[in-house]
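Novice: Need coordinates for the following:
(4 chains)
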Number of protein chains: 2
Amino acid sequence: MARMSPDERSTAILDATLAVARRKGLGATTVRDVAAEMGTSSGLIHHYFDSMDHVLANAFERAAGQDLSDARGAVEQSSDSIARIAAFVASYSPGDDSTMQLWLDAWSEAARRPELQAVSKRLNFEWHSMLVEIIRDGVSANVFKCPDPIASAWRILSVLDGMALQRVAHGEVVDRADASVWMATAATLELDVSANRLVDAIGARAGA
Amino acid sequence: MARMSPDERSTAILDATLAVARRKGLGATTVRDVAAEMGTSSGLIHHYFDSMDHVLANAFERAAGQDLSDARGAVEQSSDSIARIAAFVASYSPGDDSTMQLWLDAWSEAARRPELQAVSKRLNFEWHSMLVEIIRDGVSANVFKCPDPIASAWRILSVLDGMALQRVAHGEVVDRADASVWMATAATLELDVSANRLVDAIGARAGA
DNA sequence: ACCGTTATTGGACGAACGCGCAACAGAATT
DNA sequence: AATTCTGTTGCGCGTTCGTCCAATAACGGT
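Specialist: Numbers count the residues shown, from 1 in each chain, chains lettered A, B, ... in the order given. Reported below is the predicted structural model:
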């Protein structure tokens, strides 16, 4: 196969890994699968990565990290706290569910793949602390009322995860519009936002 | 090894499978693991089940169904609505997290394995509708105030899942006592229970 | 045009996998 | 006590896994 620079080849390997993982699942992705996807030999993968665990961890990090920085961008562009929460929720449950499937795979595999666990744990924390910051800003601005931002962030995050989980694992089992309202309601309860400002803001974003 | 009747042996195989699956994950459980767990030969498993897939599917159904009926029993024994919610939460996140690993595996594999998806979806619904019923009873008895029990049940369930998930997938990352309080707080917010009656009730159960 | 560097190959290695089968052993039947 | 039935054993089969390594081929500097 065409000779590539180390950087090009590294990302090519990770992209091929993600393509296979989205199809077969992260845990069921083998070295030979990745090589076949690229059209190269399998030995090439180990020339760039010490172990298959590293390959999977880096591939997951690439996919999930992309979503995370996308969310950061969307949140930073938002002017007020309400819009920021709405942007956060919208980023978390995008139209494409394939990344959520990777998260489910990662959580399932984490207990027995140390590298993958470390990445999953770290990214999970970054999502959480991003939400904590949004909440604290809102509290400072007197838009939110929240006695325990850390706890509230975990609960809101859990609801987002839970809704996405139902859709990905069990199919279209909860209506998408319903789920959107329910997530917004969770945030409203936690942050004591008057009326339905959050529901409206998130609904408007979801409809767009 | 001791000779058993077909029924005894079948359940012994499923129990051994679960013991291993709780430790290593459903997908990583092998025929030899199960045999070693029972202290028998590996050939014995194939004398009772056509394939390893059948073993795993039956094992998951047995474990998840068992937990569900245990929860039903604990809830039915509780006299008032507060105690019933506390029993529900306690059943869902017992001292032993091992069942949660099975759920993570099931959710991860559900989209790719129809048979497993059906079981996972059905049991997930039963947990949900059980909680809906508890909430409706509490509303009728004027203990809870809840405009949308179905939505609230999904959100409470999501929080329970989310907390268990963090512990199983990422290790002791959130303090156990904190998680217990946070789950109780979620229920308090959703059901508009005065003061901290739920936090106390669930905390008392968790401490026991 | 040469040569050193290195990306890439392709197969070997041992371990572990699901599965199948002939032989064995213990309970039930006669 | 002899015989039948069947739960159980122990190992072998073919495959696939992650990993490793000597050989090869393509690129860049001189």
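
Novice: tally of neighbours for residue A:104?
Specialist: 25 (other C-beta atoms under 10 Å in any protein chain shown). Backbone N, C-alpha and C define where each C-beta goes, glycine included.

Novice: Just give the closest residue to it, not the sequence neighbours.
Specialist: residue B:108 (4.4 Å; C-beta to C-beta, 6 or more residues apart in numbering or on different chains).

Novice: Next: residue A:203.
Specialist: residue A:180 (6.2 Å).

Novice: Just the element for the most centrally placed residue in chain A, please.
Specialist: Chain A has residue A:64 as the residue nearest its centroid, 5.2 Å off, counting by C-alpha atoms, centre = their mean. Per DSSP states H and E, residue A:64 falls inside helix A:52-77.

Novice: What residues of the worst-scoring helix or strand of chain A on mean pLDDT count as buried?
Specialist: The helix or strand of chain A with the lowest confidence, counting by mean pLDDT, DSSP states H and E, is helix A:197-207 at a mean of 76. For helix A:197-207, a neighbour-count test (16 or more other C-beta atoms under 10 Å in any protein chain shown) marks A:198-199, A:201-203, A:205-206 as buried.

Novice: Check which helices and strands it sits against.
Specialist: Helices and strands touching helix A:197-207, by 3 or more C-beta pairs under 8 Å, 6 or more residues apart in numbering or on different chains; DSSP states H and E, are helix A:81-92, helix A:176-191.

Novice: How far off centre is the last one?
Specialist: Here helix A:176-191 shows a centroid-to-chain-centroid distance of 18 Å under the convention C-alpha atoms, centre = their mean, to the nearest Å.

Novice: again, but for the first one
Specialist: Taking C-alpha atoms, centre = their mean, the mean C-alpha location of helix A:81-92 is offset from the chain mean by 14 Å.

Novice: ok, residue A:150 to DNA strand C distance?
Specialist: Counting by C-beta to the nearest atom of the strand, to the nearest Å, the gap from residue A:150 to DNA strand C is 40 Å.

Novice: Phi, psi for that residue please.
Specialist: When quoted as degrees, to the nearest 10, the phi and psi of residue A:150 stand at phi -60, psi -50.

Novice: Ignoring the adjacent residues along the chain, who's closest to it?
Specialist: For residue A:150, the spatially nearest residue (C-beta to C-beta, 6+ apart) is residue A:132, at 5.9 Å.

Novice: The one you found: how many residues sit nearby?
Specialist: Neighbours around residue A:132, by other C-beta under 10 Å: 18.

Novice: How about residues contacting stretch A:13-33?
Specialist: A:34, A:37-38, A:42, A:44-46, A:48-49, A:52, A:55-56, A:58-60, A:62-63, A:98, A:101-102, A:105-106, A:108-109, A:116, B:27, B:108-109, B:112 (C-beta atoms under 8 Å, 6 or more residues apart in numbering or on different chains).

Novice: check the residues you listed against DNA strand D, which are close?
Specialist: Restricting the contacts of stretch A:13-33 to those near DNA strand D by C-beta under 7 Å from any atom of the strand leaves A:42, A:45-46, A:52.

Novice: Could you write me a ChimeraX select line covering just the buried ones among the residues you listed?
Specialist: Of those, the buried ones go into a single ChimeraX selection, burial set by 16+ other C-beta under 10 Å:
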select /A:45,52
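
Novice: Make TSV out of the ones next to DNA strand D among the contacts of stretch A:13-33 and add secondary structure.
Specialist: Shown next, in TSV, are those (DSSP: H, G, I helix; E, B strand; the rest coil):
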residue	secondary structure
A:42	coil
A:45	helix
A:46	helix
A:52	helix
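
Novice: any idea how far residue B:72 is from residue A:60?
Specialist: 37 Å (C-beta to C-beta, to the nearest Å).

Novice: more neighbours, these two?
Specialist: Between residue A:60 and residue B:72, counting by other C-beta under 10 Å, residue A:60 is the more crowded of the two (27 against 15).

Novice: what's the pLDDT at the more buried one?
Specialist: Residue A:60 is assigned 98 on the pLDDT scale.

Novice: before we move on, what about residue A:113?
Specialist: 88.

Novice: doesn't residue A:52 make contact with it?
Specialist: No. With contact defined as C-beta atoms under 8 Å, residue A:113 and residue A:52 do not form a contacting pair (9.1 Å).

Novice: thinking again about what came up before, for the residue nearest to residue A:150, what are its contacts?
Specialist: A:149-150, A:153.

Novice: Next, the angle from the helix or strand in which residue A:124 is found to helix A:81-92.
Specialist: If you go by DSSP H and E, residue A:124 is part of helix A:114-140. Helix A:114-140 and helix A:81-92 are oriented at 160 degrees to each other (axes from the mean of the first three to the mean of the last three C-alpha atoms, to 10 degrees).

Novice: Any buried residues in helix A:114-140, and which?
Specialist: A:115-117, A:119-121, A:123-124, A:126-128, A:130-132, A:134-136, A:138-139.

Novice: pLDDT score assigned to whatever residue of chain A ends up closest to DNA strand C?
Specialist: Proximity of chain A to DNA strand C (C-beta to the nearest atom of the strand) peaks at residue A:43, 2.1 Å away. For residue A:43, the model assigns a pLDDT of 97.

Novice: Now do it: how many residues are near it, please.
Specialist: Around residue A:43 there are 9 residues (other C-beta under 10 Å).

Novice: Next, the buried residues of the one helix or strand residue A:34 maps to.
Specialist: Assigned by DSSP H and E, residue A:34 falls within helix A:31-38. By neighbour count with 16+ other C-beta under 10 Å, helix A:31-38 contains the buried residues A:31, A:33-35, A:37-38.

Novice: ok, the closest residue to residue A:86 other than its chain neighbours - contacts?
Specialist: Once flanking residues are discounted, residue A:86 sits nearest to residue A:201: 4.0 Å by C-beta to C-beta, 6+ apart. Each residue near residue A:201 by C-beta under 8 Å, 6+ apart is listed here: A:82-83, A:85-86, A:184.

Novice: Tell me how many other residues crowd residue A:153.
Specialist: For residue A:153, using other C-beta under 10 Å, the count is 22.

Novice: Hey, what's the angle from whichever strand or helix holds it to helix B:176-191? Just curious.
Specialist: Taking DSSP H and E as the definition, residue A:153 sits inside helix A:149-170. Between the axes of helix A:149-170 and helix B:176-191, defined by the same axes, to 10 degrees, the angle is 80 degrees.

Novice: Show me what helix A:149-170 packs onto, helices and strands only.
Specialist: So helix A:149-170, by 3+ C-beta pairs under 8 Å, 6+ apart, packs with helix A:81-92, helix A:98-110, helix A:114-140, helix A:176-191, helix B:98-110, helix B:114-140, helix B:149-170, helix B:176-191.
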